[in-house]
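Visitor: Okay, here's the prediction I keep looking at, along with the sequence it came from:
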Amino acid sequence: MIAVKIVALFLLPTCTTNALSSIRIGTRPSKLAMVQAKKIQQLLHDAIQANDSTSSPIRSEIVPIDAAGDNNSPVAASQDVPLAMKTVDFTGALDDALTDGTIDVAVHSLKDIPPSNRWKDDLVIGSYSEREDPLDVLVSDECSTLAGLPKNARVGSASIRRQAQLLSHRPDVKVVSIRGNVIARLAALERGDVDALILAAAGLERLSRSESNDSISLPYHRIDADDVLPGVGQGIIAAVCRKDDHKTLSLLNFVDNRTSRITAVAERAFLNVVDTMEHEWPGRPPCAAYMSRDDKGYLFRGVLLTPNGTKKVETSLRIPIKCSTSEAFGLGTKAGRELREKAGTSFFVGAG
């Protein structure tokens, strides 16, 4: 369902404006998604102005489109081990709108984009934003660490990755599958449905910096990557377009961050490999990958777990700073294959 359009004008450089009179930027209508779409819109405006301030202005429109993941019940039914075995689709409606030509660009949190083998063949990630804080956070009034959670605490999350890593450290906690957008999850905590939440730091920080920051009143505390490794692409905003839309691809190139592209390509290559492992539930297996940059180059870390956190395999690899995207892809693929081999064919048997 397409909602109200928010319109802004910006200038496109001469090299991309041939037969291009407007660009429609699709997003989910949630507060966080709108903040992210406006960020991409502003990045495009600023980058284009810096490259060419003489070309004719064209119109950019932000087009909100409802996503299935926003419409799920905020709190799912309890289970003995209430893991998020059901997929949450935050991207499908937007991707469909791209394919049928309703929009020209879809703005996604990169972590929400499915692995390549389960994504649309006609779409491509045209730009990656500069990565913000990739870590997860514990949202709680009462405690600041996983170790500090009360015994049998109810912790909300819709992410099988977060749930598996949490249970690996704290098998006593009761994981409650919280669905819906970030605001809905925060509301569930305030109602007392759960004792704490685990969310992405970047999303909360983007909301806090937005004009509508009154919804972030609860304290949150960063979780070290040694305890909960971030999700693939977490902290990066992806701008997606059709592969054959060369004018839009050229435009998105102005706001593409090379470091983010290198790390994202490696992390998604890892995901593509481990996602093919046989498991007994829909969606991706509980896996995490994070590639960071330091003075020695890039450090890639990957982990694969069973949903209940009782089994875990992990790896770490390095690559020089001056690497290509193809080399980054090769690194991520190698890491995925390494964990697939370590896990063996029976890793997930009986885990779902």
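Guide: Arrived safely, thanks for sending. Source: prediction; values computed, not measured.
Visitor: I'd like the average pLDDT over the longest helix along the chain.
Guide: Longest helix in the chain, counting residues (DSSP state H): helix 31-51. Mean per-residue pLDDT for helix 31-51: 87.
Visitor: name the helices or strands packed onto it?
Guide: In terms of contacts (3 or more Cβ pairs under 8 Å, 6 or more residues apart in numbering; DSSP states H and E), helix 31-51 is packed against strand 6-11, strand 22-27, strand 57-64, strand 105-109, helix 182-191, helix 201-209, strand 237-242, helix 246-252. Glycine gets a C-beta too; all of them are placed from N, C-alpha and C.
Visitor: any idea which of these scores lowest on pLDDT?
Guide: Across the helices and strands packed on helix 31-51, strand 6-11 gives the lowest mean pLDDT, at a mean of 50.
Visitor: Buried ones in stretch 37-49, by neighbour count?
Guide: 37-41, 43-45, 47-48 (16 or more other Cβ atoms under 10 Å).
Visitor: so the residue nearest the centre of the chain, which of the three states?
Guide: In the chain, the C-alpha closest to the average C-alpha coordinate belongs to residue 111, at a distance of 2.1 Å (Cα atoms, centre = their mean). Here residue 111 is recorded as helix under DSSP: H, G, I helix; E, B strand; the rest coil.
Visitor: and it, what is it in contact with?
Guide: Contact analysis of residue 111 by Cβ atoms under 8 Å, 6 or more residues apart in numbering lists 200, 231-234, 236.
Visitor: That one and residue 91: what is the separation?
Guide: Between residue 111 and residue 91 the computed distance is 10 Å (Cβ to Cβ, to the nearest Å).
Visitor: what's the answer for residue 37, then?
Guide: In terms of Cβ to Cβ, residue 37 sits 14 Å off from residue 91.
Visitor: Ok, residue 176 next?
Guide: 24 Å.
Visitor: same thing with residue 195?
Guide: When residue 195 is compared with residue 91 (using Cβ to Cβ), they lie 30 Å apart.
Visitor: Residue 224 too?
Guide: With Cβ to Cβ as the criterion, residue 224 and residue 91 are 29 Å apart.
Visitor: These two: who's more crowded?
Guide: residue 91 (24 against 11; other Cβ atoms under 10 Å).
Visitor: what about the more buried one, distance to residue 134?
Guide: 19 Å.
Visitor: how many neighbours does residue 333 have?
Guide: Each residue near residue 333 was counted by other Cβ under 10 Å, and the total is 15.
Visitor: Among the buried residues of stretch 37-49, which one lies nearest to residue 208?
Guide: residue 39 (13.7 Å; Cβ to Cβ).
Visitor: contacting residues around that closest one?
Guide: Per Cβ under 8 Å, 6+ apart, neighbours of residue 39: 129, 206, 237.
Visitor: May I see the domains of this structure written out as residue ranges?
Guide: Using automatic domain parsing, the domain parsing of the chain gives 136-222, 257-352.
Visitor: Hmm, residue 138 and residue 219 touching each other?
Guide: No. Using Cβ atoms under 8 Å, residue 219 makes no contact with residue 138, being 9.3 Å away.
Visitor: of those two, who's got more company?
Guide: residue 138 (23 against 13).
Visitor: so who does the closest residue to that one other than its chain neighbours touch?
Guide: Excluding its sequence neighbours, the residue lying closest to residue 138 (Cβ to Cβ, 6 or more residues apart in numbering) is residue 221, at 5.0 Å. Residues near residue 221 by Cβ under 8 Å, 6+ apart: 137-140, 144-145.
Visitor: Next, the contact list for residue 140, please.
Guide: Applying Cβ under 8 Å, 6+ apart, the residues near residue 140 are 149, 189, 195-197, 218-221.
Visitor: rerun at 10 Å
Guide: When contacts are counted by Cβ atoms under 10 Å, 6 or more residues apart in numbering, residue 140 touches 148-149, 153, 155, 189, 194-198, 218-221.
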